[in-house]
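**Student:** Need the 3D shape of this:
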Amino acid sequence: MPLLEFRDISYTYPGSKHPALRGLSLSIEEGEYVALVGRNGSGKSTLIRLLDGLRLPTAGEASILGLDPRDPANARALRSAVALVFQAPLDQIVSSVVEEDCAFGPENLGLPRAEIEGRVARALEAVGLGALRRRQSLFLSAGQQQRLAIAGALAMEPRCMAFDEATAMLDPQARAEVLDLMDSLNAKGMTIVHATHDMAEAARARRVVLLEEGRIAYDGAPAGLFLSRDGGEPPALSRGLGLPPAAMAALALGLEALPGERLPALAARIANAGRGKEASAPRAAVAPQATPAPPPGAKPPAASPCAAAAATGASPGQRTSFIVGDAGYSYLKGTANEVKALEGVSMSLAAGSMTALVGRTGSGKSTILQLLDGLAFPSAGCVLAFGEETAAKSTDLRRLRMKAPLAIQRPESALFEVYAGDDVAFGPRNQGLSGKALVERVKSAMEELGLPFEAYRDRGTRGLSGGEKRRLALAGILALEPEAFLLDEPTSALDPATRSSVLGLVRSLAEAGRTAVFATHSMEEAAMADSVAVVAEGRLAAFGSPAEIFYDRYDPAWGIGRPFACELALELRRLGLPLAPEARPLDLASLVAALGSPDGAVDGEGGRP
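**Tutor:** Sure thing, here's the model as predicted:
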């Protein structure tokens with residue numbers, strides 16, 4: 001008997017005219033490892049919620065553990081056996097203290113205290129939160145909150161765990177640890193269902209289910225989705241999903257793509273094929289437009305940190321958008337629960353530059369963005385935005401936030417209007433726009449983010465998918481036509497095609513003279529920026545061009561990883577392939593050029609949009 005079985009099910013959210021699932025049939029056996037993939041709005045999150053009866057199909061039949069989820073008497077058994085990890089961790093964090101939240105599920109099972117304590121300790125250690133067990137959950141970073149949500153599900157010791165984009169906001173090291181945990185749990189017999197937009201993660205599963213408009217478009221082994229058929233394009237590419245980076249690199253270099261292949265194995269295949277014996281000159285790296293920060297820990301020579309920061313600003317004739325001078329920040333300062341988030345951060349960002357903030361979850365990236373926007377004020381040092389000190393009483397913070405709005409880490413949580421078009425219109429309306437000018441502004445912003453105005457203007461915001469909500473929130477920022485964009489994980493939970501579109505939009509805005517500062521856990525995204533700021537334990541560990549950060553100054557202790565093309569280039573050099581000594585490829589196109597391949601530029605996941 002299957003662990004989970006759905007027969008011709010459909011689901012429509014209350015008040016919506018658009019079914020999220022349509023006539024779907026799916027059977028999952030005990031011990032399987034299944035990846036759910038598909039574009040935003042395809043129905044993945046809805047299906048995840050049906051797995052333990054949290055949502056009930058509006059048509060069709062469902063069986064979970066052989067039980068009918070429609071019978072309320074089965075709810076406890078179903079939710080003990082199938083644990084969900086939601087896309088937004090705050091949807092399932094219920095306690096103000098980490099260890100108490102993790103204990104919530106086991107306590108509701110009525111387990112003995114000693115058993116609860118053991119489960120909590122094991123779960124928190126498994127996700128790397130053992131040292132933070134007494135931290136207030138509200139003051140965890142978004143990535144740490146996501147790990148806490150995983151720990152809470154893990155403490156239930158279920159038969160099946162379903163993850164809805166559970167790695168989307170984790171740094172590379174934490175993501176690898178969670179994926180290894182999934183592999184380990186599955187090896188011990190636990191059923192794993194993982195909804196993801198990361199094709200490398202999907203390739204780790206034994207089975208991939210592709211959803212399109214609420215229906216199953218593919219159900220089978222990863223090879224059937226990621227390999228080309230009869231010399232044509234792999235189905236995953238033609239459907240806008242992209243490919244795992246190793247598969248994309250193999251195709252770019254004229255080799256067969258192998259689903260699930262890891263970087264060392266790919267490098268060995270490339271070396272054995274004897275590629276790159278006549279390496280051509282590499283493509284030039286993008287020069288940074290932001291002024292490098294002083295070395296971490298350096299003391300400014302001037303008495304005023306603002307004056308010191310200004311003195312290290314842009315070169316003569318170059319405008320700056322933001323200057324951070326020896327800034328520090330502590331949450332709950334002066335209390336027993338004080339948490340130091342930043343200390344001694346100094347940097348100057350030129351107008352029209354594109355800067356990526358990278359670092360482990362909880363390193364301080366989000367806090368820096370809040371300081372730049374004036375949502376938080378430094379507890380030490382200063383921050384200048386467009387020449388004005390954010391903490392000064394004379395600063396018009398409303399005007400500042402219109403000039404440099406911040407798209408928060410979960411921007412969809414800031415949606416509050418009933419209809420999508422009204423939410424995007426809120427900011428421009430407060431700028432004084434009305435009538436035709438307002439409609440044109442809203443329409444342009446929505447369509448830039450892949451939300452056709454006529455199709456989405458009257459859609460209820462609550463009925464949108466997670467990815468659609470994120471795009472709508474970003475459209476609200478774009479509609480303000482600001483001088484600078486502050487974006488906290490702007491592509492998290494977006495499908496590959498939409499992610500590429502958003503990154504291309506950010507790049508085009510920077511090229512048009514707008515300043516862009518964004519936090520990301522994707523080193524491929526960071527490599528697109530003009531400059532990269534590495535934040536480690538609340539300090540600025542390094543600042544420079546992507547080539548400088550990922551080649552010349554890279555420190556594994558940062559825990560950020562490198563772009564795939566960079567890692568592959570380094571491994572190929574180790575294996576003796578003659579890449580030009582000065583070559584520092586950051587994407588597949590520059591790697592192909594450095595290897596002397598005639599293939600030219602590469603499109604798709606891992607390359608520049």
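**Student:** Low-confidence ranges, the protein, go.
**Tutor:** Counting by pLDDT under 70, the chain has low-confidence residues at 231, 274-318, 411, 597-609.
**Student:** go again using 50 as the cut-off
**Tutor:** Within the chain, the segments meeting pLDDT under 50 span 275-303, 312-313, 597-609.
**Student:** Please list all residues in contact with the residue positioned nearest the centre of it.
**Tutor:** A centroid search over the chain (C-alpha atoms, centre = their mean) returns residue 492, at 2.9 Å, as the residue closest to the centre. Residue 492 makes contact with 165, 168-169, 409, 470, 521, according to C-beta atoms under 8 Å, 6 or more residues apart in numbering. For glycine as for every other residue, the C-beta is placed from the backbone atoms N, C-alpha and C.
**Student:** Of those, which belong to helices?
**Tutor:** residue 470 (DSSP state H).
**Student:** Narrow the contacts of residue 492 to those that are buried.
**Tutor:** When the contacts of residue 492 are checked for burial by 16 or more other C-beta atoms under 10 Å, the buried set is 165, 168-169, 409, 470, 521.
**Student:** Farthest pair within the contacts of residue 492?
**Tutor:** The span of these, defined through C-beta to C-beta, is set by 470 and 521 at 15.3 Å.
**Student:** just to revisit the earlier point, could you measure from the residue nearest to the centre of the chain over to residue 264?
**Tutor:** Using C-beta to C-beta, to the nearest Å, residue 492 is found at 28 Å from residue 264.
**Student:** before we move on, the earlier item: A strand includes the residue nearest to the centre of the chain, no?
**Tutor:** No. Read with DSSP: H, G, I helix; E, B strand; the rest coil, residue 492 is coil and lies in no strand.
**Student:** can you tell me how far it sits from residue 341?
**Tutor:** Separation of residue 492 from residue 341 (C-beta to C-beta): 20 Å.
**Student:** Looking at the contacts of residue 492, which are in strands?
**Tutor:** Among the contacts of residue 492, DSSP state E puts none in strands.
**Student:** ok, of the contacts of residue 492, which one's closest to residue 593?
**Tutor:** Set against residue 593, the nearest of the contacts of residue 492 by C-beta to C-beta is residue 521 (27.0 Å).
**Student:** thinking again about what came up before, now the contacts of residue 492 as TSV including distance to residue 39?
**Tutor:** Output for the contacts of residue 492, formatted as TSV (distance: C-beta to C-beta, whole Å):
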residue	distance to residue 39
165	13
168	15
169	20
409	22
470	13
521	21
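**Student:** Okay, and residue 23 sits in which element?
**Tutor:** If you go by DSSP states H and E, residue 23 is part of strand 21-28.
**Student:** List the buried residues in that strand.
**Tutor:** Result for strand 21-28 [16+ other C-beta under 10 Å]: buried residues 21-22, 24, 26, 28.
**Student:** In PDB, please show the C-alpha coordinates belonging to it.
**Tutor:** Listed next in PDB are the C-alpha coordinates belonging to strand 21-28 (Å, rounded to 0.1, in the frame of the first residue of the first chain):
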ATOM      1  CA  LEU A  21      -4.400  21.600  -8.700                       C
ATOM      2  CA  ARG A  22      -6.400  20.000 -11.600                       C
ATOM      3  CA  GLY A  23      -7.100  16.300 -11.900                       C
ATOM      4  CA  LEU A  24      -3.800  15.200 -10.400                       C
ATOM      5  CA  SER A  25      -3.000  11.600  -9.600                       C
ATOM      6  CA  LEU A  26       0.100  10.700  -7.600                       C
ATOM      7  CA  SER A  27       1.300   7.700  -5.600                       C
ATOM      8  CA  ILE A  28       4.400   7.800  -3.300                       C
END
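**Student:** list the helices and strands the helix or strand following that strand packs on?
**Tutor:** Where DSSP H and E defines the elements, the next helix or strand beyond strand 21-28 is strand 33-37. If you count contacts as 3 or more C-beta pairs under 8 Å, 6 or more residues apart in numbering; DSSP states H and E, strand 33-37 packs onto helix 44-50, strand 191-195, helix 199-202, strand 207-212.
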